[in-house]
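> Have a look at this prediction, sequence included:
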Amino acid sequence: MPSRLFPHPRPAWQRWLLLVAVSLALVVVLEAAHLSAALLLGPMVAAIGLAVTGGAVPVHRVAFAFSQGVVGAMIARSMPASILGEVVRDAPLFVGCVLAVIVVAVLLGLLLQRWRILPGTTALWGTFPGAASAMALMSASFGGDMRLVAFMQYLRVVLVAVAASIVARLWHVSGHGATPMAWLAIGDVRAAALTLAVITVSVWAAVRLKVPAGPLLVPLVVCVALQDTGLLQVTLPPLLLAASYAVLGWSIGLRFTPDVLRNALGALPRVLGAMLALLTLCGGIAWALVALAGVSPLTAYLATSPGGADSVAIIAASSAQVDVPFVMAMQTARLLVVLILGPVIARWLGRRVQT
């Protein structure tokens, strides 16, 4: 699409070259600032800039799905099946936190709907905490505007990623320098090959069966099960992880197209306010978790962050003093609840508010 930056259509390879170059530059800057998840945030910011200036490039759905699978395997690597015992043991804690975040999100959605800032059930789908792509796709079947839902969901994902990165940086008190990353390391070649095979088959099955958020969740579950039985040692080369983070960042950022931004411009200030309020209220829930359950502050904040499970996983894995299994168990539990109950909540509350 023509724009000031791209007055004439440019070949895709030139736009890809620009996207990669800007992404690398931002990653270097963010890494120098010791900001968590720089490998995700740099490409995300670069893609947003490219998209809103008319230079968007397509990220193939296979690459996007496979990258989600890699992140799912990364989560599984630090989340053994024994975490289910922890969830059962602390069921009241998990149920309370999951429901609290969902209730807060739904109330904000109802306010946006009642004030007629967004049409129909769009506001409800837009504020559901988790599975951004699934919420956008599912909303079209239940009376929502998929483009506005995508705008809200990915705006929230960006805000969650940025806020969680800042909080992680503020709570990172270790004085030890980061261990240099051996980017060319592969580890156990056989284990790495088996891990890639499991990810590939799991992602293929998830897409084939149309499982909501399946490319992330199915490899996660399969890798947890195989790892717990000793059949698989999840092994992911650093370069593969870096490439997957970049693809996810680009996929998120490139959804901020000029059309989506133009359609959402009128609602932007109040939508942004609602998203910031959601983050703030979830921060309050995290504070209660720290005070009442003795959970570490950063672990509590990441566990109650409203969605963006892949972003939160990357941040948690790259931050010191974080209970990654607890964080991902909380995020996964809420994601499953939202996927199951989202259509029911949207239809029921949508009818009641409209009547």
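Nice, I can see it.

> Mind listing what's buried along whatever helix or strand A286 lives in?
Element membership for A286, per DSSP states H and E: helix 268-293. Residues of helix 268-293 classed as buried: 271, 274-275, 278-279, 281-283, 285-286, 288-290 (neighbour count, 16 or more other C-beta atoms under 10 Å). Yep, even glycine has a C-beta here, placed from its N, CA and C like the rest.

> cool, stretch 89-100 as well?
Buried-residue list, stretch 89-100, by 16+ other C-beta under 10 Å: D90, L93, F94, G96, C97, V98, A100.

> Let's see which of the residues you listed end up in strands.
Among the buried residues of stretch 89-100, no residue falls in strands (DSSP state E).

> Any idea how many residues pack against P11?
If you count neighbours by other C-beta atoms under 10 Å, P11 ends up with 8.

> Check the one 3 residues further on too.
Q14 has 12 neighbouring residues, counting by other C-beta under 10 Å.

> any idea whether it is helix, strand or coil?
Taken by DSSP: H, G, I helix; E, B strand; the rest coil, the conformation at Q14 corresponds to helix.

> With just CA atoms, put stretch 15-32 into CSV.
C-alpha atoms of stretch 15-32 as CSV (Å, rounded to 0.1, in the frame of the first residue of the first chain):
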residue,chain,number,x,y,z
ARG,A,15,10.4,-4.8,2.8
TRP,A,16,11.6,-8.0,4.4
LEU,A,17,15.2,-6.7,4.4
LEU,A,18,14.0,-3.5,6.1
LEU,A,19,12.0,-5.4,8.6
VAL,A,20,14.9,-7.7,9.5
ALA,A,21,17.3,-4.8,9.7
VAL,A,22,15.1,-2.7,12.0
SER,A,23,14.3,-5.7,14.1
LEU,A,24,18.0,-6.6,14.6
ALA,A,25,18.7,-2.9,15.5
LEU,A,26,15.9,-2.8,18.0
VAL,A,27,16.9,-6.2,19.5
VAL,A,28,20.5,-4.8,20.0
VAL,A,29,19.1,-1.7,21.7
LEU,A,30,16.7,-3.6,24.0
GLU,A,31,19.3,-6.2,24.9
ALA,A,32,21.8,-3.4,25.8
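
> Tell me the buried residues in it?
Result for stretch 15-32 [16+ other C-beta under 10 Å]: buried residues R15, W16, L18, L19, V22, S23, L26, V27, L30.

> With secondary structure and distance to L110 as new columns, can the residues you listed be given to me in a markdown table?
Formatted as a markdown table, these follow (DSSP: H, G, I helix; E, B strand; the rest coil; distance: C-beta to C-beta, whole Å):
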| residue | secondary structure | distance to L110 |
| --- | --- | --- |
| R15 | helix | 40 |
| W16 | helix | 42 |
| L18 | helix | 42 |
| L19 | helix | 38 |
| V22 | helix | 39 |
| S23 | helix | 38 |
| L26 | helix | 37 |
| V27 | helix | 39 |
| L30 | helix | 36 |
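
> If you count contacts, what does whichever helix or strand comes after the helix holding A286 end up packed against?
Per DSSP H and E, the first helix or strand lying C-terminal to helix 268-293 is helix 297-304. With contacts defined as 3 or more C-beta pairs under 8 Å, 6 or more residues apart in numbering; DSSP states H and E, helix 297-304 has these neighbours: helix 91-114, helix 146-171, helix 268-293, helix 309-317, helix 324-354.

> neighbours of the residue found closest to L302 once you drop the neighbours it is linked to in the chain, just the number please.
The shortest distance from L302 to any non-neighbouring residue, by C-beta to C-beta, 6 or more residues apart in numbering, is to V327 (4.6 Å). Here the number of neighbours of V327 (other C-beta under 10 Å) works out to 29.

> Pull the contacting residues for V327.
Residues in contact with V327, defined by C-beta atoms under 8 Å, 6 or more residues apart in numbering, are T299, L302, A303, V312, A313, A316.

> which of the residues you listed lies closest to M44?
Minimum distance to M44 across the contacts of V327 is 13.8 Å, recorded for V312 (C-beta to C-beta).
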